[in-house]
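**Q** Give the three-dimensional model of this entry:
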Amino acid sequence: MDMLGDGVDVADKAPDVDVDVKKDTIEVDSVVKAVDNLALSDDESGDENAEKEGAYLEMCPEVQKRVQALRKNQKDILQVESNFYKEIHQLELKFEKLYHEKFDFRKSIITGSHEPTNDECDFPLGRNVDEPLSAVQDTQGKEKKEGFITGIPTFWATILQTVQPICTLVEEQDIPVLAHLMDIRCENTSEPLGFKLFFGFSPNEFFENDVLVKTYVLKNDPDPESPLTYDGPEIISCEGCTIRWKEGKDTTISVVEKKQKHKKTGTIRTITKTLKRDSFFRFFSPPDPADQTKEGTNEDEEDDIIDTLNLDFEIGQALRERIIPRAVLFFTGEALEDDDDENDTDYATDSEDDEGEAAESVDDDVDEQGDQRTSH
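**A** Have a look, this model is predicted:
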């Protein structure tokens, strides 16, 4: 019989080694099984997602403890991210004055109060334009003749009618009103944290306001009850303003006349009914989130409120982050081309995924048919 030093019988030790290996194998298997449960497809939701979230609890206690340490560490990471965004907001406030100086210049050209010089126009034309700069005529100081165009007509109206998602709000009756839109600005606020959008209009026959204001409130701190769901600053509420419409010019309503006949006397009277209708200017009277829980609100109405607010928040962020800073690029269509390129890339990826799934499906069908032929 084989012996190891000090007269230890190898056979006597073999069972202990087997037990340890078996135990380690069980623990590794439990981790592998739990990881398999975590590797569910990304398109699963509801109960399957809940099952996925708790799958790590099936791992052995030692691994669970380590995962918990990482989850707590993740909370600290997200707090650092929150502090980062607070600093970014302070930088935005610091640079806001510099931005507005450039926006003032932009407004002066759009409204026609300033005619740019050749030096101010000394910049290459659009990406796909080969026309030389000399073709841009100097109109400064020239006498304005009859029919002379002032500024850039419908600059902002053109942008609002072509840029997603805000263009979905613009209706036909809004277009004449938006022709008077001269400027859109954004100002960041600290108390409360958020931003305001200012829509400046020239004097017009539709309403008395010179400026329409939309206010957004942001939340930047992680939710104490659910800190790991933090994903950066988010809009939590918004508030519009009262538009002082001139008589008969309100684009958010339609007035319908209806004739009624009295059953007994046969006399006829005409009544008018005011109905709500879709309009860009409903953007300034958003629904109150509290209406979702108001007594008498049905499920469809709740969904409408949620959808309207989600779209509103998306538009507010788009104006603040993309449209206002790069307005001229959306007017010329250059920024729209970039958006289209991004969308094409997304669709191409989706298409490739679909083709891959289709190919896998065909392979599965072929395998099944082969199995059936074999069984015959």
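
**Q** Let me see the mean pLDDT of stretch 167-184.
**A** Mean pLDDT, computed over stretch 167-184, is 98.

**Q** What would it look like as PDB? C-alpha coordinates only.
**A** Extracted in PDB, the C-alpha atoms of stretch 167-184 (Å, rounded to 0.1, in the frame of the first residue of the first chain):
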ATOM      1  CA  CYS A 167     -43.100  69.400 -34.500                       C
ATOM      2  CA  THR A 168     -45.800  67.000 -33.400                       C
ATOM      3  CA  LEU A 169     -47.500  69.800 -31.400                       C
ATOM      4  CA  VAL A 170     -47.700  72.300 -34.300                       C
ATOM      5  CA  GLU A 171     -51.100  72.500 -36.000                       C
ATOM      6  CA  GLU A 172     -52.200  74.400 -39.100                       C
ATOM      7  CA  GLN A 173     -53.900  77.200 -37.100                       C
ATOM      8  CA  ASP A 174     -50.700  77.700 -35.100                       C
ATOM      9  CA  ILE A 175     -48.500  78.600 -38.100                       C
ATOM     10  CA  PRO A 176     -49.600  82.300 -38.500                       C
ATOM     11  CA  VAL A 177     -49.100  82.800 -34.800                       C
ATOM     12  CA  LEU A 178     -45.600  81.200 -34.800                       C
ATOM     13  CA  ALA A 179     -44.600  83.600 -37.600                       C
ATOM     14  CA  HIS A 180     -44.400  86.200 -34.900                       C
ATOM     15  CA  LEU A 181     -42.000  84.100 -32.700                       C
ATOM     16  CA  MET A 182     -38.700  86.100 -32.600                       C
ATOM     17  CA  ASP A 183     -36.700  84.400 -30.000                       C
ATOM     18  CA  ILE A 184     -36.500  81.400 -27.700                       C
END
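
**Q** Just the pLDDT for Asp2.
**A** For Asp2, pLDDT reads 48.

**Q** now swap in the one 3 residues further on and tell me
**A** pLDDT recorded at Gly5 is 46.

**Q** separation between Ser254 and Gln260?
**A** Distance, Ser254 to Gln260, using Cβ to Cβ, to the nearest Å: 19 Å. Yep, even glycine has a C-beta here, placed from its N, CA and C like the rest.

**Q** These two - which one has more neighbours?
**A** Ser254 (13 against 10; other Cβ atoms under 10 Å).

**Q** surely Ile109 meets Cys121?
**A** No. Ile109 is beyond contact range of Cys121, at 10.2 Å (criterion: Cβ atoms under 8 Å).

**Q** quick one: which of these two has more around it?
**A** More crowded of Ile109 and Cys121, by other Cβ under 10 Å: Ile109, with 16 against 13.

**Q** ok, the more buried one - contacts?
**A** For Ile109, the contact set (Cβ atoms under 8 Å, 6 or more residues apart in numbering) comprises Glu115, Pro116, Gly151, Ile152.

**Q** now do 10 Å
**A** With contacts defined as Cβ atoms under 10 Å, 6 or more residues apart in numbering, Ile109 is in contact with Glu115, Pro116, Glu120, Gly151, Ile152, Phe155, Val328.

**Q** check which helix or strand covers it.
**A** According to DSSP states H and E, Ile109 maps onto helix 61-111.

**Q** How about Leu311?
**A** Per DSSP H and E: helix 299-318 holds Leu311.

**Q** So for Val35, what's the pLDDT?
**A** pLDDT at Val35 comes out at 50.

**Q** again with His262
**A** In this model, His262 is scored at 74, pLDDT.

**Q** So which residues of this protein form helices?
**A** 10-38, 47-53, 61-111, 155-162, 175-178, 299-318, 327-332, 334-375 (DSSP state H).

**Q** quick one, the longest one and helix 155-162 angle?
**A** Here helix 61-111 points in a direction 140 degrees away from that of helix 155-162 (axes from the mean of the first three to the mean of the last three Cα atoms, to 10 degrees).

**Q** Using neighbour counts, pick out the buried residues of the helix holding Leu311.
**A** For helix 299-318, burial by neighbour count (16 or more other Cβ atoms under 10 Å) applies to Ile305, Leu309, Leu311, Asp312, Phe313, Ile315, Gly316, Gln317.

**Q** Hmm, which of those residues is lowest in pLDDT?
**A** Ile305 (89).

**Q** what separates Ala327 from Leu160, distance-wise?
**A** Relative to Leu160, and taking Cβ to Cβ, Ala327 is found at 10 Å.

**Q** any shared contact partners between the two?
**A** What both Ala327 and Leu160 touch, as defined by Cβ under 10 Å, 6+ apart, is the set Ile184, Leu319.

**Q** Leaving aside the residues adjacent along the chain, what's closest to Thr252?
**A** Ser279 (4.4 Å; Cβ to Cβ, 6 or more residues apart in numbering).

**Q** OK, contacts around that neighbour?
**A** 169-174, 177, 250-254, 285.

**Q** Grab the nearest non-local neighbour of Leu319.
**A** Residue nearest to Leu319 in three dimensions, not counting chain neighbours: Leu197, with 5.8 Å by Cβ to Cβ, 6+ apart.

**Q** Touching, that neighbour and Thr189? I think so.
**A** No. Using Cβ atoms under 10 Å, Leu197 is not in contact with Thr189, being 11.4 Å away.

**Q** Could you check which of those two has the larger neighbour count?
**A** For Leu197 versus Thr189, neighbours defined as other Cβ under 10 Å are more numerous around Leu197 (21 against 15).
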